[in-house]
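In: Kindly return the folded structure for what I paste below:
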Amino acid sequence: MPKLKTKSGVKKRFKLTATGLLKHGVAGKRHRLISHNSKYIRQNRGTKVLAKADTATVKAWAPYGLK
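Out: This is a model prediction of the structure:
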């Protein structure tokens, strides 16, 4: 049986927590920030945990887990 490849975008964008959840960076923080209010920018600082509905899909793209 051949090895399965991990999607290269998933390697770059997600990290696995110790409890098996997925951390990801928040979208919408690269440019055009003047149109967002301060609360939006402040609340989306750092990383977030991926929604439970999307976790199974992303884990399928990384068949051997993520570092």
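In: From here on, just use CA atoms for contacts and neighbour counts.
Out: OK.
In: Which stretches in the chain count as strands?
Out: 14-16, 22-25, 47-49 (DSSP state E).
In: What helices and strands are in contact with the second one?
Out: Here strand 22-25 is seen to pack against strand 14-16, strand 47-49 when contacts are counted using 3 or more CA pairs under 8 Å, 6 or more residues apart in numbering; DSSP states H and E.
In: Could you identify which of those strands is most buried?
Out: strand 14-16 (a mean of 18; mean count of other CA atoms under 10 Å).
In: Residue 17 versus the residue nearest to the spatial centre of the chain, what's the distance?
Out: What sits nearest the mean C-alpha location of the chain, by CA atoms, centre = their mean, is residue 24, with 2.6 Å. According to CA to CA, to the nearest Å, residue 24 stands 11 Å off from residue 17.
In: Quick one: low-confidence residue ranges for the protein.
Out: Of all residues in the chain, none has pLDDT under 70.
In: Show me what residue 22 bridges to in the sheet.
Out: Here residue 22 shows beta-bridge partners residue 16, assigned using DSSP bridges.
In: Neighbours of it, how many?
Out: 22 (other CA atoms under 10 Å).
In: next one: residue 7
Out: Count around residue 7 with other CA under 10 Å applied: 13.
In: Then the one 3 residues further on?
Out: Close neighbours of residue 10, defined as other CA under 10 Å, add up to 15.
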